[in-house]
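Participant: pasting the sequence and the predicted coordinates here, then a few questions.
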Amino acid sequence: MAHQWRGVIREYASRLPVNESTRVITLGEGGTPLVLAPALSALTGSEVYLKVEGMNPTGSFKDRGMTMAITAAVAAGTEAVVCASTGNTSASAAAYATQAGIKCAVLVPDGKIAMGKLSQAIAHGAELLQVNGNFDNCLDVARKLSENYPVFLVNSVNPARIEGQKTGAFEVVDFLGDAPDYHLLPVGNAGNITAYWKGYREYSEPYESETAGTLPAVSTKRPVMWGFQAAGSAPIVAGHPITEPDTIATAIRIGNPASWAQAEAARDESGGLIDAVTDEEILEAHRWLSSREGVFVEPASAAGVAGLLKYHAAGQVPSGKKIVITVTGHGLKDPQWALRNADGSDVTPTKVDFDVVSVADALGLA
Ligand code: AN7
């Protein structure tokens, strides 16, 4: 019988801080496709898979953490949540808060979030404030707000978010049958690299479940973690906060990541790296994904693929391995980038008259 995916909390309940009496707030997140990328595999000689997180209910990986955070907020009797966001967290928080029947306030950097994400937060009825400052300023205010007023913070500094997001690693292992050799992903506020590493660690050892006793290890190994920041917003690479982060990949325009230390731990414990990719490299990877793999992502989501292409060009990507790259958000969030050519000029669709000969001519059909 067909099995309908029940959302990450119900699918992975024994490995999450929930029990039978928890009221689960879910939109059916998780269970996203792990797609074999033929062109990247041919290029590298490794099996390269894309974890396509744009397939989540609000179009990004944030939903995995948000189902947990809003579930925790409801369990705590909260009536309002707040988050700072470069866009995707606000879209997700707004949707899950709506389903829970609680209020949601979001603080976003003025003029620096993609239209799709802004539309989502507004559509779901969030109290949206455009802050005259960047993401780091927004997070600072959101934290202080939650410390001094009756609102619950749902940014990834909330441990419930990391718990939910670690299920991405579980799904990769469950699908492949073991952990991959490498896992690549974009790094912004560094919650996701923290969460994947936690998931991979927990799956590689016996796990003391709160509800199901001791669970055996699922994987025999852990991947090497490679994280990529945008060059204009690469504090972990620089080794200091960036006060005026800049990149076209607005989702990861973050100068002082909240989970900085945890990201470094994931890097070091896995024998991996965190490096920067330029906006040009990000856009090239974005085009590669849409035109060669059939996967449309928003620019920030392509940072992991940009990293793979960069390291391949430097001869540092091994062949014969399994490589998973999380592509974090859907291309429809920020579609304008597809309408630019590689040289930066606008794409101009060909116009034709409504007769078959003109159409055949335009298509080059002799
Ligand atoms: C598509 O929504 O920080 O390193 O406020 O939207 O876990 O922060 C978004 C981050 C990568 C970086 N890709 O992940 C927010 C926000 C996409 C994103 C990241 C984000 P983290």
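Facilitator: All right, it came through fine. Quantities reported herein were computed from a predicted structural model and do not represent experimental measurements. Numbering: from 1, shown residues only.
Participant: nearest residue to the middle of this protein?
Facilitator: Nearest to the mean C-alpha position of the chain, counting by C-alpha atoms, centre = their mean, stands Thr328 at 3.2 Å.
Participant: any idea how far that one is from the ligand?
Facilitator: Using C-beta to the nearest ligand atom, to the nearest Å, Thr328 is found at 3 Å from the ligand. Any C-beta I mention is one placed from the backbone N, CA and C, and that applies to glycine too.
Participant: with Val8 instead?
Facilitator: 16 Å.
Participant: same thing with Asp353?
Facilitator: 41 Å.
Participant: before we move on, what about Tyr203?
Facilitator: 19 Å.
Participant: could you pick out the residues of this structure near the ligand for me?
Facilitator: Counting by C-beta under 6 Å from any ligand atom, the chain comes close to the ligand at 60, 62, 85-89, 156, 186-192, 251-252, 298, 300-301, 328-329.
Participant: please produce a PyMOL select command covering the buried subset of the residues you listed.
Facilitator: Remark: buried members of the residues of the chain next to the ligand, expressed as a PyMOL selection using 16 or more other C-beta atoms under 10 Å:
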select buried, resi 60+62+85+86+87+88+89+156+186+187+188+189+190+191+192+251+252+298+300+301+328+329
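Participant: so which of the residues of the chain next to the ligand belong to strands?
Facilitator: Pro186 (DSSP state E).
Participant: which ones are touching the residue nearest to the centre of the chain?
Facilitator: Listed by C-beta atoms under 8 Å, 6 or more residues apart in numbering, the contact partners of Thr328 are 53-54, 60-61, 88, 185-186, 192, 251, 297-298, 300-301.
Participant: now with 10 Å, please.
Facilitator: With contact taken as C-beta atoms under 10 Å, 6 or more residues apart in numbering, Thr328 is in contact with 51-54, 56, 59-62, 88, 168, 185-186, 188, 192, 251-252, 297-298, 300-304.
Participant: excluding its backbone neighbours, what's nearest it?
Facilitator: Once flanking residues are discounted, Thr328 sits nearest to Ser301: 4.4 Å by C-beta to C-beta, 6 or more residues apart in numbering.
Participant: correct me, but the one you found touches Ala249?
Facilitator: Yes - between Ser301 and Ala249 a contact is recorded at 8.3 Å, counting by C-beta atoms under 10 Å.
Participant: between these two, what contacts are shared?
Facilitator: Pro186, Ile282, His286, Asp334.
Participant: now stretch 315-331: mean pLDDT?
Facilitator: In this model, stretch 315-331 has an average pLDDT of 98.
Participant: and that stretch, which residues are buried?
Facilitator: Val317, Lys321, Lys322, Ile323, Val324, Ile325, Thr326, Val327, Thr328, Gly329, His330, Gly331.
Participant: distance of Val277 from His124?
Facilitator: 32 Å (C-beta to C-beta, to the nearest Å).
Participant: more neighbours, these two?
Facilitator: A count of neighbours by other C-beta atoms under 10 Å puts Val277 above the other of Val277 and His124, at 27 against 21.
Participant: count of neighbours near the residue nearest to that one when sequence neighbours are not counted?
Facilitator: Closest residue to Val277 in three dimensions, ignoring its sequence neighbours and counting by C-beta to C-beta, 6+ apart: Ala306, at 4.0 Å. Applying other C-beta under 10 Å, we find 30 residues neighbouring Ala306.
Participant: hmm, Ala306 is touching Glu284, no?
Facilitator: Yes - the criterion here is C-beta under 10 Å, and Ala306 meets it with Glu284 at 6.8 Å.
Participant: what are the ranges of the strands in the chain?
Facilitator: Secondary structure of the chain by DSSP E: the strands cover 34-36, 47-52, 80-84, 103-109, 127-131, 152-153, 182-186, 207-209, 213-215, 224-230, 273-277, 322-327.
Participant: name the helices or strands packed onto the fourth one?
Facilitator: In other words, strand 103-109. Applying 3 or more C-beta pairs under 10 Å, 6 or more residues apart in numbering; DSSP states H and E, one finds that strand 103-109 contacts strand 80-84, helix 88-100, helix 115-123, strand 127-131, helix 135-148.
Participant: could you dump those into JSON lines and include mean pLDDT?
Facilitator: As requested, the helices and strands packed on strand 103-109 are exported to JSON lines (pLDDT from 0 to 100):
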{"stretch": "strand 80-84", "mean pLDDT": "98"}
{"stretch": "helix 88-100", "mean pLDDT": "98"}
{"stretch": "helix 115-123", "mean pLDDT": "97"}
{"stretch": "strand 127-131", "mean pLDDT": "97"}
{"stretch": "helix 135-148", "mean pLDDT": "97"}
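Participant: closest one to Ile9 among the ones you listed?
Facilitator: Closest of the helices and strands packed on strand 103-109 to Ile9 is helix 88-100, at 11.5 Å (criterion: C-beta to C-beta).
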